[in-house]
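**Student:** sharing a model prediction with you, sequence too.
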Amino acid sequence: MSSKIAVVLVIGLIAGGSLGYFYSVTLYTPQIYELETKLSEKIGELEREQSRVLYLEKTLSNAEESIIKLQKELLDTKKIKESLESQVNSYRNQVIHLNSEIDALEKEKLNLEIEIEFLETIRIGTTLETYYDDVRANVVTLGGNPLGEEEWWKHPNYYENSVWLATCMAAHDAGNLYWPSFETEYNETIGETSSDTAYYILSDFLTRCSVLRSFNIETKIDKILKFANSVIDYETRLLDHMWFPAETLTFGSGDCTSFSILIASLFEMVDIKSAIGFFLNDQGDAHAMVMINCEELPNYKTWGFDDLTSYGLSSGRWIIIEPQYISLAEQEKYQDDWIPQWNLEVVSEVKYGA
């Protein structure tokens with residue numbers, strides 16, 4: 001009996017549990033469905049977000065690649081810019097250099113034009129040259145007969161005659177008419193005296209020296225020496241021949257005598273009283289230099305003679321000027337090694353204005 005009751009109780013328990021289960025299932029099924037639905041929706045959203053993230057990551061990756069590419073392009077552009085700037089600077093420098101060369105060439109052209117004009121101005125014609133030749137061939141006489149310059153050395157007073165003629169040449173081209181007997185044909189041909197023609201040439205030369213009579217004596221000497229030595233080259237002569245100042249300017253060269261005649265003539269034209277001296281040294285060499293009648297050159301040490309009246313010169317001190325120095329400063333620098341060796345042989349004063 002009791003066992004049956006136990007079975008009945010077990011069966012009752014089982015039945016009651018089943019009914020409770022079914023009741024619970026029935027009760028929670030809508031909630032589970034709802035949760036599953038929401039879960040499915042969330043999973044869908046998640047998948048969409050993941051897809052969006054993947055898209056954005058791809059977009060970002062593409063953007064980063066584009067940025068890297070743009071950065072490289074920017075770097076290349078900067079390099080190109082730097083290269084172009086370097087080329088521009090190089091071209092600018094070339095332009096500056098070319099402009100400088102153009103300026104230099106224009107200045108050179110202008111200087112050449114000035115030089116050509118100057119050379120044309122100081123160039124003598126054949127009429128004046130033949131006049132000079134006529135003087136040289138006839139002015140020195142021996143026994144009443146003309147002694148051509150190729151035979152001047154035969155004259156017993158060779159040095160005296162030579163230095164006298166040198167000063168006459170200097171005075172003539174400074175505007176003094178020295179040999180009227182030779183002038184007739186020249187005057188008829190040219191319409192002026194030979195001394196006037198030469199004077200105009202030397203006057204133009206002085207203008208180009210930028211020297212005025214009103215300047216102090218040192219300035220006048222320096223300007224004349226500097227310009228004369230810039231256009232006249234030293235050149236040895238092969239014959240016993242002396243050039244008039246205008247000839248020396250035309251040829252652009254001369255020896256010590258030619259330099260001395262020219263410089264003495266120019267000095268006279270700016271009121272510097274001058275003489276030409278011929279000197280000899282112990283070796284028998286001859287040399288010509290200019291002397292000026294001046295007590296001192298205040299800013300320079302000088303060599304000279306306190307009195308040359310015994311030689312026929314005006315009283316007062318005569319200072320030696322070496323015409324082949326370009327300035328008094330250069331003479332002062334070198335004169336102690338040069339001038340003392342020379343002994344005065346003959347000297348003649350330029351009779352300017354006489």
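**Tutor:** That came through, no problem. Numbers count the residues shown, from 1 in each chain.

**Student:** every contact and neighbour count from this point should use C-alpha atoms.
**Tutor:** Fine.

**Student:** sticking with the spatially most central residue of the chain, tell me its helix or strand.
**Tutor:** Nearest to the geometric centre of the chain sits A104, at 7.4 Å (C-alpha atoms, centre = their mean). A104 is located in helix 2-122, with elements delineated by DSSP states H and E.

**Student:** next one: Y199
**Tutor:** According to DSSP H and E, Y199 maps onto helix 194-209.

**Student:** extract the C-alpha trace of that helix and format it as CSV.
**Tutor:** Presented in CSV, the C-alpha positions along helix 194-209 are these (Å, rounded to 0.1, in the frame of the first residue of the first chain):
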residue,chain,number,x,y,z
SER,A,194,104.1,126.2,-88.6
SER,A,195,104.4,127.4,-84.9
ASP,A,196,100.7,128.1,-84.8
THR,A,197,99.9,124.6,-86.1
ALA,A,198,102.2,123.0,-83.5
TYR,A,199,100.8,125.2,-80.7
TYR,A,200,97.3,124.1,-81.4
ILE,A,201,98.4,120.4,-81.2
LEU,A,202,100.2,121.0,-77.9
SER,A,203,97.4,123.1,-76.5
ASP,A,204,95.0,120.2,-77.1
PHE,A,205,97.4,117.9,-75.4
LEU,A,206,97.5,120.2,-72.3
THR,A,207,93.7,120.2,-72.2
ARG,A,208,93.7,116.4,-72.1
CYS,A,209,96.3,116.6,-69.3
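
**Student:** what residues of it count as buried?
**Tutor:** 194-203, 205-206, 209 (16 or more other C-alpha atoms under 10 Å).

**Student:** before we move on, back to that, next SSE downstream of the helix holding A104?
**Tutor:** Next along from helix 2-122, by DSSP H and E: helix 126-138.

**Student:** low-confidence ranges in the stretch 251-354 of the chain?
**Tutor:** By pLDDT under 70, the low-scoring segments of the stretch 251-354 of the chain are 353-354.

**Student:** can you show me the helices along it?
**Tutor:** Using DSSP state H, counting those that start in this stretch, the helices of the stretch 251-354 of the chain run over 256-269, 328-338.

**Student:** summarise which helices and strands the shortest one is packed against.
**Tutor:** This means helix 328-338. With contacts taken as 3 or more C-alpha pairs under 8 Å, 6 or more residues apart in numbering; DSSP states H and E, helix 328-338 sits against helix 217-231.

**Student:** what average pLDDT does the helix it packs on get?
**Tutor:** Taken as a whole, helix 217-231 carries a mean pLDDT of 96.

**Student:** which residues sit against it?
**Tutor:** The contact list for helix 217-231 (C-alpha atoms under 8 Å, 6 or more residues apart in numbering) reads 206, 209-213, 249, 252, 263, 266-267, 270, 272, 297, 323-328.

**Student:** following it in sequence, what is the next regular element?
**Tutor:** Downstream of helix 217-231 (by DSSP H and E), the next one is strand 233-234.

**Student:** how about the residue nearest to W342 when sequence neighbours are not counted, what does it touch?
**Tutor:** Computed as C-alpha to C-alpha, 6 or more residues apart in numbering, the closest residue to W342 that is not its neighbour in sequence is N281, at 4.8 Å. The contact partners of N281, taken as C-alpha under 8 Å, 6+ apart, are Q341, W342, N343.

**Student:** most neighbours of all these, which one?
**Tutor:** W342 (18 neighbours; other C-alpha atoms under 10 Å).

**Student:** isn't that residue right up against L280?
**Tutor:** Yes: if you go by C-alpha atoms under 8 Å, W342 and L280 touch, sitting 5.5 Å apart.
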